[in-house]
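Asker: Provided below for reference: sequence and predicted model.
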Amino acid sequence: MTERVDAVVVGAGHNGLVAANLLADAGWEVLVCEAAEAPGGAVRSAEITAPGFVSDLASAFHPLGAASPVLRELDLGAHGLQWRHAPTVLAHPTPDGRCAVLHRRLDDTAAALDDDHPGDGDAWRALVAQWDRIGDDVVAAALRPFPPVRPASRLLRTLGTGDALRLARMLVQPVTRMAQEHFGGRAAPLLLAGNALHTDLGPDSAAGAAYGWLLAMLGQRVGFPVPAGGAGALTGALVARLTARGGRIDCGRPIRTVLVGPSGRACGVVDADGRRVLARRAVLADVDAPRLYRDLVGEEHLPARFVADLARFDWDFSTVKLDWALDGPVPWTAPGARSAGTVHLGADVDGLRRYAADLTAGRLPRDPFLLFGQMTTADPTRSPPGTESAWAYTHVPRGLGWGRDEVLRWADRMQQVVEDHAPGFGSRVRARAVAGPADLQGRDGNLVDGAITAGTSAVHQQLVFRPVPGLGRADTPVPGLFLAGASAHPGGAVHGGPGANAARAALAASGATGVLYRGAVRFAHRRLYG
């Protein structure tokens, strides 16, 4: 049996669902095919530790999701999404007993930074004032299709040429250099460098300042919110919105092949059972770039130079994640960590340098840096009263090929890092769940070997270099096929940018000026790939 729809979306991760929603809004008949038994990809939640304790299977807190114009325009609140906040945004305790804290109120953050070093509070206020002037345009420029002509033009008008150049200089700096130029103490650099390490960029990596600044400013202005009831609630809202508009989702239906017709155009897909879905207008893929092009499309349908570029695709590091069901709050030594939804653990700035250097050299870090989440502190529905649902993850080098014993030993090392900052933590563990790189990939096929951002965040693989040197857009060398996953610009995190950009490209290619659009893309690809 052959189905026919306007568009088929491969993958029901949040980007695939965003793309499907936008196409359904345009009146297209849309089918989403998902390999797993449930939608959501890395945006799912379940009781994996103990009954009554909700854990997020991958992504957990969503500052970019709360700030994203893509998600805001979908009005997911009307479909059940509610955001919850911990009393404090972020804490970063260090082994010597200090603790940098990002409070929800600017005055509280500034006061804490002034206590660390007089004048740092005013320097923080200046950064926030700058963000208040340009933040909306920065987020729009980051998430909208490349090149972001309108938000970039607004930024230039607001800042003027001189300050626009100064902003660009700041963004391409290592985060440590940016911090040195603005602050004299040690707390603010910790907040900035720790936030930069939400990517795979170390404190001395080029453009690390862009991520540290972005997440710190978002943390100050929108917090690090979580969906009430679990990350799966965000997926649930996207699914509810899509189905209300007539879109369909087939879970447990892995796609084996993207059909490429005699003209070289993508015209549908074939699932693992051999059933065909023909797409009248477009195929969109919320799939990592190497798997899409090599496995689903096939290199024979791609330009040789594109295939050669794809061989240089650079993944981010692997990940090990723990989830805990705790009988009580985490007994932090640092009071500032007790009310924080997100906690950075294990190192000061120099320790973060060593951690990043070990990863870059392919060594297991001697002192792992942990991102730790206190989910019940942020959302009381996550576990029974008086308890805590918590998680932590850290990065390890790719390609370790660990078995279960090696993963469990590293999980014990991670738990010891928590114990060092919260003596007695282990005695409060009712149950835990451990996921190594292979386990994370098993939960979501796009988390290849535990890579959580579908490719490095380094500058050599951003903008027009993501996933390969090209247009920085969702259009692919196969007409009618659009890359909608985090391997495409603007990359990882839960904000919907890649999915929205793919939907807009598909709509443009099928619109009133579609002939001109398709011709321009085809011309550009010929110049790029021969």
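Answerer: Great, that's in hand. Numbers count the residues shown, from 1 in each chain.
Asker: ok, now which ones touch F482?
Answerer: A19, A282, V283, L284, A285, A474, D475, T476, A502, A503, A505, A506 (CB atoms under 8 Å, 6 or more residues apart in numbering). Glycine gets a C-beta too; all of them are placed from N, C-alpha and C.
Asker: and L22, by the same measure?
Answerer: Counted by CB under 8 Å, 6+ apart, L22 has contacts G499, A500, A503, R504, L507.
Asker: for it, give its distance to T257.
Answerer: According to CB to CB, to the nearest Å, L22 stands 25 Å off from T257.
Asker: counting neighbours, what do you get for L440?
Answerer: By the criterion of other CB atoms under 10 Å, L440 has 24 neighbours.
Asker: that's a helix at it, yeah?
Answerer: Yes: checked against DSSP: H, G, I helix; E, B strand; the rest coil, L440 lies within a helix.
Asker: that one contacts R44, correct?
Answerer: No: with contact defined as CB atoms under 8 Å, L440 does not count as touching R44 (11.9 Å).
Asker: give me the common contacts of those two.
Answerer: Residues touching both L440 and R44 by CB under 8 Å, 6+ apart: A58.
Asker: circling back: just the buried residues out of the contacts of F482, in ChimeraX syntax.
Answerer: The buried subset of the contacts of F482, as determined by 16 or more other CB atoms under 10 Å, is captured in ChimeraX by this line:
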select :19,282,283,284,285,474,475,476,502,503,505,506
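Asker: pick the one among the contacts of F482 closest to V396.
Answerer: Checking these against V396 by CB to CB gives A285 as the nearest, at 28.1 Å.
Asker: can you name the residues bridging to that closest one?
Answerer: According to DSSP bridges, the residues that bridge with A285 are V10, L483.
Asker: ok, it touching S487?
Answerer: No: when contacts are counted by CB under 8 Å, A285 is not listed as touching S487 (9.6 Å).
Asker: give me the common contacts of the two.
Answerer: Common neighbours of A285 and S487, using CB under 8 Å, 6+ apart, are L292.
Asker: element containing V277, please.
Answerer: Here V277, judged by DSSP states H and E, is contained in strand 276-285.
Asker: residues making contact with the very next helix or strand once past that strand?
Answerer: Toward the C-terminus, strand 276-285 is succeeded by helix 289-290 as the next helix or strand (DSSP H and E). Residues outside helix 289-290 that contact it (CB under 8 Å, 6+ apart): L310, F313, V448, A454, G455, P467, V468, L483, G485, S487, A488.
Asker: most neighbours among those, which one is it?
Answerer: The most neighbours of any of the contacts of helix 289-290, using other CB under 10 Å, belong to A488, which has 32 neighbours.
Asker: quick one: it is in a strand?
Answerer: No: counting by three-state DSSP, A488 falls outside a strand, being coil.
Asker: where do the helices sit along the stretch 251-400 of the chain?
Answerer: Using DSSP state H, counting those that start in this stretch, the helices of the stretch 251-400 of the chain run over 289-290, 304-310, 349-360, 375-378.
Asker: could you look over these and pick the most buried one?
Answerer: helix 375-378 (a mean of 26; mean count of other CB atoms under 10 Å).
Asker: now do it: which elements does it pack against?
Answerer: Applying 3 or more CB pairs under 8 Å, 6 or more residues apart in numbering; DSSP states H and E, one finds that helix 375-378 contacts strand 340-345, strand 388-396.
Asker: tell me which of these is the most buried.
Answerer: Most buried among those, counting by mean count of other CB under 10 Å: strand 340-345, with a mean of 28.
Asker: quick one: contacts of it?
Answerer: With contacts defined as CB under 8 Å, 6+ apart, strand 340-345 is touched by 61, 85-93, 101, 190, 194, 197, 223-224, 226, 332, 337, 369-375, 377-378, 392, 417-418, 421.
Asker: any of those residues buried? List them.
Answerer: Here, 16+ other CB under 10 Å leaves 61, 85-86, 88-93, 101, 190, 194, 197, 223-224, 226, 332, 337, 369-375, 377-378, 392, 417-418, 421 buried among the contacts of strand 340-345.
Asker: can you tell me which of the residues you listed are in strands?
Answerer: Per DSSP state E, strands hold the following members of those: 88-93, 101, 226, 370-374, 392.
Asker: what's the most distant pair in these?
Answerer: Taking CB to CB, no two of those sit farther apart than P93 and V226, at 20.9 Å.
Asker: wait, what's in contact with A493?
Answerer: Here A493 is in contact with S59, L64, G65, T453, A486 (CB under 8 Å, 6+ apart).
Asker: give me phi/psi at the last one?
Answerer: In other words, A486. phi -70, psi -10 (degrees, to the nearest 10).
Asker: check whether it really touches N15, as I assumed.
Answerer: Yes: contact criterion CB under 8 Å: A486 and N15 qualify, at 6.6 Å.
Asker: mutual contacts of those two, please.
Answerer: Contacts common to A486 and N15, judged by CB under 8 Å, 6+ apart, are P498.
Asker: the more surrounded of the two?
Answerer: A direct count of neighbours by other CB under 10 Å for A486 and N15 places N15 higher, at 36 against 33.
Asker: tilt between the strand or helix carrying that one and strand 276-285?
Answerer: Secondary structure assigned from DSSP H and E places N15 in helix 14-25. Between helix 14-25 and strand 276-285, the angle comes out at 110 degrees (axes from the mean of the first three to the mean of the last three CA atoms, to 10 degrees).
Asker: average pLDDT across helix 14-25?
Answerer: The pLDDT scores in helix 14-25 average 98.
Asker: name the residues that touch the helix or strand following it?
Answerer: Sequence-wise, the next helix or strand downstream of helix 14-25 (DSSP H and E) is strand 30-34. Defining contact as CB under 8 Å, 6+ apart, one finds that strand 30-34 is touched by 3, 5-12, 16-17, 20, 23-24, 39, 242, 246-255, 269, 271, 277.
Asker: ok, stretch 64-80 next?
Answerer: Residues outside stretch 64-80 that contact it (CB under 8 Å, 6+ apart) are 18, 21, 83, 135-136, 139-140, 143-144, 218, 221-223, 225, 233-234, 236-238, 240-241, 244, 493-497, 499-500.
Asker: with stretch 325-336 instead?
Answerer: Residues from elsewhere that reach stretch 325-336 (CB under 8 Å, 6+ apart): 49-50, 53, 88, 91, 93, 97-101, 337-338, 343, 374, 377, 383, 386-390, 418, 421-425, 428-432.
Asker: could you list the buried residues of that stretch?
Answerer: A325, L326, P329, V330, W332, A334, G336.
Asker: same thing with stretch 70-80?
Answerer: For stretch 70-80, using 16+ other CB under 10 Å, the buried residues are V70, L71, L74, L76, H79, G80.
Asker: where's that stretch relative to the chain centroid, distance-wise?
Answerer: Centroid separation for stretch 70-80 versus its chain: 18 Å, with CA atoms, centre = their mean, to the nearest Å.
Asker: how long is that stretch end to end?
Answerer: This stretch, stretch 70-80, spans 17 Å end to end (CA to CA, to the nearest Å).
Asker: one more: stretch 455-473?
Answerer: End-to-end distance of stretch 455-473 (CA to CA): 16 Å.
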